[in-house]
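Chemist: My questions concern the predicted model and sequence given below.
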Amino acid sequence: MTATTDKNTKTDDTAANSEKNDFIRAIVRDDLASQKYSQIVTRFPPEPNGYLHLGHVKSICLNFGLAKEFAGLCNLRFDDTNPDAEDQEFVDNIKDDVKWLGFDWAGEARYASSYFGQLYDWAVKLIKQGDAYVDLQSPEDIRENRGNFGQAGKNSPYRDASVEENLQRFDDMKLGKYGNGEAVLRAKIDMASPNMNMRDPILYRVMHQAHHQTGDDWCIYPMYDYAHPLSDAIEGITHSICTLEFEDHRPFYDWVVDKVGFDKEPHQYEFARLNVNHILTSKRKLKKLVEDDLVSGWDDPRMPTIAGMRRRGYTPEGLRDFCDRVGVSKSDGVVDFGLLEFSIRNSLEHVNRAMAVLNPLKVTITNFDEAVANVETLKKDSVKTKLDNGVLWLTQPKNSHDDRQGMRDIPFTKEIYIDKGDFEITPPEGYKRLSPQNPEIRLRNSYVLKIEEHITDDNGEVVALTATIDPKTLGNNPEGRKVKGVIHWVSASLGVPAKVRLYEQLFTQEDPAKIDINNLAAEINPNSLREVDAIVEPSLSQVNAGERFQFEREGFFVADSKDYSPEHLVFNRIVTLKDSFKP
């Protein structure tokens, strides 16, 4: 796949690139065909009150993807209306996440806070039109008088105050004469509406809180549902795309835009949010995990945040492919986590190979010296070797599918490690590795190995093996010589210790949305993180943090972006090599 560049994306997706068909794209095609719009403008509008998660990936791919497919524009706008929960750290991370996923936005990043002056003026306009009023009820009374789905709300005693009174009170709010919770500006709509969002929703509240963009300029802040549609209108957004939980908010979206008045009004469209089993996408609960130190941070590789998935080793290509496979619809459903791993696994097939033994068992090769003594006369053209001071160096490609990645030198020594699981005294049915009954196997890139003796401890556990190698089998099987399998290995004397982190789902609960926010600790999978002491080939001490590999027969791994160094090797398992999932 060749890379492409435009205003909204850096790289092509790895998924099928046939024309995508879904109801939103059908709407956009019709709007362009009818010349309703000469160019579409979408936006990705995160609130900077946490790190983005897997659910946001779908929204990012949809909004930026539409702009790319239809030669439009996509804005990045921070709907930063709640300084109490927002932070510059979140702003910076969101920008990094969007770029890492392969997208870029039109022009500079935008902020709802940049429009605070205009939003305030429009609020004054609503008051003058008789469409808004200042309510001095307590928050408890407002909540009580709002009613519920079976009971109409009650009008506020301040609802019929004069325009002059409301203008004065709103100005007093702006000047800081009210404390937090003492006054709000509300839309005047219908307290008996069956849609709770239309029961005189709050437009502005008092918050004596500095803002990460505007500092102390304001002590009143617009509510999200007021600022969001007007920000869309200011930016000329043609298709305001959000998830289904905002469907009931659309009447108020339209009400605000209509009451303020615009020549070209944006329209809101809703699609089904991304639900993946075992994946938590509640920002509130994710924040609780971080605050209660139940994970190491927003970028803990078990977290479904983009930062966490990035550190885990997931690829942007794999995430984009996953979103393409999930598609866009109006119907809620749950996606199998296996589909996500399938896409990630497919995106990793090109990475370099290496050998790492995660559960080491030492093997002493008793005929090593004599077997390798004449290696120069026995080696095949396909096996490049060098015997140096008792070490047989095997030169192999880093990637058998891509010669451009170069070569690596693998030391083969008298003592090696294999995985404990590759030898069984009493093997199960179908076992094709080493056992007393099947003592021979090929070592990857080298010789056929024959086990001569196994040594056990007092508990009967195998703790060491002795073996011989067939000197005629370096890189080949002589005629009539057959073995049942191939295993990986690492030199015992020149292999490098490494910490390897093996991950499972963070929660055992298939639907983490059902977990009580105050009971998160009890629901965490105790095996969600296992750290093992492994031995890896020495070439892995010369890689870059964030570099991905396929460890032969073990899975796909990444050098941890935070903890890896040449002196302290740390690898995270991204995904296993295979599973039974079929898309």
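Modeler: Ah, there it is.

Chemist: quick one: low-confidence parts of the stretch 1-150 of the chain?
Modeler: Along the stretch 1-150 of the chain, the model assigns pLDDT under 70 to residues 1-19.

Chemist: who does the closest residue to Phe412 other than its chain neighbours bridge with?
Modeler: Nearest non-adjacent residue to Phe412, counting by Cβ to Cβ, 6 or more residues apart in numbering: Leu392, 4.3 Å away. C-betas here are computed from N, CA, C, even on glycine. Assessed by DSSP bridges, Leu392 has beta-bridge partners Leu387, Phe412.

Chemist: Leu392: what's it in contact with?
Modeler: Val372, Val375, Thr385, Lys386, Pro411, Phe412, Thr413, Ser446 (Cβ atoms under 8 Å, 6 or more residues apart in numbering).

Chemist: now Tyr158
Modeler: When contacts are counted by Cβ under 8 Å, 6+ apart, Tyr158 touches Tyr133, Val134, Asp135, Leu136, Gln137.

Chemist: Filter the residues you listed down to the buried ones and hand me the PyMOL line.
Modeler: Per 16 or more other Cβ atoms under 10 Å, the buried members of the contacts of Tyr158 correspond to this PyMOL selection:
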select buried, resi 133+134+135+137
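
Chemist: Grab the two from the contacts of Tyr158 that are most spread out in space.
Modeler: Longest distance between any two of those is 11.3 Å, between Tyr133 and Gln137; criterion Cβ to Cβ.

Chemist: What helix or strand is Val363 located in?
Modeler: In this assignment (DSSP states H and E), Val363 forms part of strand 360-365.

Chemist: Ignore what I typed, I meant Tyr269.
Modeler: With DSSP H and E as the test, Tyr269 turns up in strand 267-271.

Chemist: Report the next helix or strand after that strand in sequence order.
Modeler: helix 283-291.

Chemist: Can you name the residues in contact with the following helix or strand past that next one?
Modeler: Heading C-terminal from helix 283-291, the first helix or strand you meet, by DSSP H and E, is helix 306-312. By Cβ under 8 Å, 6+ apart, the residues outside helix 306-312 that reach it are 51-54, 56-57, 93, 97, 100-101, 298-303, 319, 503, 558, 560-562, 572, 574.

Chemist: how far does helix 306-312 sit from the chain's center?
Modeler: Taking Cα atoms, centre = their mean, to the nearest Å, one finds helix 306-312 lying 5 Å from the centre of the chain it belongs to.

Chemist: List the buried residues for it?
Modeler: Per 16+ other Cβ under 10 Å, helix 306-312 contains these buried residues: Ile306, Ala307, Gly308, Met309, Arg310, Arg311, Arg312.

Chemist: and which of the residues you listed is nearest to Gln129?
Modeler: Ile306 (42.3 Å).

Chemist: Find the residues that touch each one of Tyr133 and Gln137.
Modeler: In contact with both Tyr133 and Gln137: Ser156, Tyr158, using Cβ under 8 Å, 6+ apart.

Chemist: Identify the residues contacting the residue lying closest to Phe322 once chain neighbours are set aside.
Modeler: Distances taken as Cβ to Cβ, 6+ apart place Ser343 nearest to Phe322, at 3.9 Å, with adjacent residues excluded. Residues near Ser343 by Cβ under 8 Å, 6+ apart: Ala15, Gly318, Leu319, Asp321, Phe322, Arg325.

Chemist: pretty sure Ser343 is in a helix, no?
Modeler: Yes. Assessed with DSSP: H, G, I helix; E, B strand; the rest coil, Ser343 lies in a helix.

Chemist: thinking again about what came up before, next helix or strand past the strand holding Val363?
Modeler: Downstream of strand 360-365, the first helix or strand assigned by DSSP H and E is helix 368-373.

Chemist: Quick check: buried residues in that following helix?
Modeler: Phe368, Ala371, Val372.

Chemist: I'd assumed Ile469 was in contact with the first one.
Modeler: The reference is to Phe368. Yes. The pair Phe368 and Ile469 passes the contact test of Cβ atoms under 8 Å, sitting 7.0 Å apart.

Chemist: now the contacts of Tyr158 in TSV, with distance to Asp172 and secondary structure?
Modeler: Shown next, in TSV, are these (distance: Cβ to Cβ, whole Å; DSSP: H, G, I helix; E, B strand; the rest coil):
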residue	distance to Asp172	secondary structure
Tyr133	14	strand
Val134	8	strand
Asp135	13	strand
Leu136	10	coil
Gln137	16	coil
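
Chemist: for the closest residue to Asp160 other than its chain neighbours, what are its contacts?
Modeler: Excluding the flanking residues, the one nearest Asp160 by Cβ to Cβ, 6+ apart is Tyr133, at 7.9 Å. Going by Cβ under 8 Å, 6+ apart, Tyr133 touches Ile127, Ser156, Tyr158, Arg159, Asp160, Ala161, Asn166, Leu185, Arg186, Lys188.

Chemist: what bridges to Tyr133?
Modeler: Per DSSP bridges, the residues bridged to Tyr133 are Arg186.

Chemist: State the distance from it to Lys177.
Modeler: 17 Å (Cβ to Cβ, to the nearest Å).

Chemist: Tell me where the model's unsure across the protein.
Modeler: Checking the chain against pLDDT under 70 turns up 1-19, 376-383, 479, 579-583.

Chemist: residues in contact with stretch 161-168?
Modeler: For stretch 161-168, the surrounding residues in contact (Cβ under 8 Å, 6+ apart) are Val124, Ile127, Lys128, Gly130, Ala132, Tyr133, Val134, Arg169.

Chemist: Generate a PyMOL selection restricted to the buried entries among these.
Modeler: A single PyMOL command suffices to select whichever of the contacts of stretch 161-168 are buried according to 16+ other Cβ under 10 Å:
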select buried, resi 124+127+132+133+134+169
